[in-house]
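> for reference, the sequence and a predicted model appear below.
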Amino acid sequence: MDGHRSGSSGQDGTAEQRQRLAALPPGRLGDAVRMILDHAYDVVARLQPSAEELDALVQFLTDVGYATDARRQEWVLLADVLGLTDAVMAGVGPGNSRATPSTLPGPFYRADAPALAMGANLCRGGAGQPLVVTGLVTGPEGDPLAGAEVEVWHANAEGRYENQDPDNQPEHNLRGRFTANDEGRFHFRSIRPAGYSLPDDGPVGQLARRIGLSLDRPAHIHFAVSAPGHQRLVTSIFDGSDPAIGRDALFSVKPGLIGDFRPEKSGVSLSVVLVLDRDAASQRSSEEG
Ligand SMILES: [Fe+2]
């Protein structure tokens, strides 16, 4: 780079740091710090940041801390927007799973969604395109899971959840809990959700805007499914026709999670299949015969 020292002299400047870190006793924490700093030293060597730029980094991290309180977790937002959360979650599950990929529950989940009768309407108020969702819950071999509990929640036609919009939406609007029938099937009515943007009024949103990282979330419906002997599945089905489908801010859109919202005489319909992995205990007992 013009006007800067060469990369190799920068690397020499960190020789002692690298040496000292290399001498640390083995362990995951020390390994993680060493690997992260190895990359950080490379960045310093290549970009040769000024003291002011280091100050700006420290100020950014300070701002993220100040923006975090009981209601808002800016650090989690930072990890999410940088793709770190999704990268870690992708490595946690079993590699050969046939289960529906999981996604983060997000900040708008409520554990107290009301139990509703099959076919009920989630919409308690507000306009939107009518939506009918039919679903099937199965185990990894396609075996229907009768009696599975299916929690559903989604944003309204303006891309807002009831718990972030209490002045305009009734309590528990667009959320409910259903019990799958003997064939593992369920259905309900609602309105078509719209996509939304993550907040850009804090340091993480401002960073994303500055460097051109997407804050858009394509429209989606959240599901959390439980059935005895199976791992709980938390996932989202996305609207494949949403223009933001290729730039989800949280990197959650996976091939198995893109839904087809089909036009109907009045409104749209969506069909979903949600596949759960067996839990460790029932997997062991089936292997033992
Ligand atoms: Fe969401």
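Cool, got the structure.
> contact partners for P107?
Q73 (CB atoms under 8 Å, 6 or more residues apart in numbering). Every C-beta, even on glycine, is put in place using the N, C-alpha and C of the backbone.
> on the three-state scheme, it is what?
coil (DSSP: H, G, I helix; E, B strand; the rest coil).
> tell me the pLDDT at it?
Per-residue confidence at P107 stands at 79 (pLDDT).
> ditto for G7
G7 is assigned a predicted lDDT (pLDDT) of 44.
> same question for E288.
In the prediction, the pLDDT value recorded for E288 is 64.
> and V204, by the same measure?
V204 is assigned 95 on the pLDDT scale.
> doesn't it lie inside a strand?
No. V204: not assigned to a strand; according to three-state DSSP it is helix.
> who's in contact with it?
64, 67, 74, 77-78, 81.
> mind picking the two most distant members of these?
The span of those, defined through CB to CB, is set by A67 and V81 at 13.1 Å.
> can you give the domain ranges for the chain?
7-48, 84-287 (automatic domain parsing).
> weakest of those by average pLDDT?
For these, where the average pLDDT is lowest is domain 7-48, sitting at a mean of 86.
> centre of the chain to it, how far?
Here domain 7-48 shows a centroid-to-chain-centroid distance of 31 Å under the convention CA atoms, centre = their mean, to the nearest Å.
> so which of the domains of the chain is the most surrounded?
The highest mean neighbour count among the domains of the chain belongs to domain 84-287 (a mean of 17), with neighbours defined as mean count of other CB atoms under 10 Å.
> measure the nearest residue to P199 once chain neighbours are set aside to A23 for me?
Taking CB to CB, 6 or more residues apart in numbering, and ignoring the residues beside it in sequence, P199 has G205 as its nearest neighbour in space, at 5.3 Å. When distances are taken as CB to CB, to the nearest Å, G205 and A23 turn out to be 40 Å apart.
> export stretch 36-46 to CSV, keeping only CA atoms.
Extracted as CSV, the C-alpha positions of stretch 36-46 are listed here (Å, rounded to 0.1, in the frame of the first residue of the first chain):
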residue,chain,number,x,y,z
ILE,A,36,-8.4,-14.6,16.6
LEU,A,37,-5.3,-12.5,17.4
ASP,A,38,-3.3,-14.3,14.6
HIS,A,39,-5.9,-12.9,12.2
ALA,A,40,-6.1,-9.5,13.9
TYR,A,41,-2.3,-9.1,13.7
ASP,A,42,-2.6,-9.9,9.9
VAL,A,43,-5.2,-7.2,9.6
VAL,A,44,-3.0,-4.7,11.4
ALA,A,45,0.0,-5.7,9.2
ARG,A,46,-2.0,-5.3,6.0
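> a helix runs through L270, doesn't it?
No. Secondary structure of L270, determined by three-state DSSP: strand, with no helix assignment.
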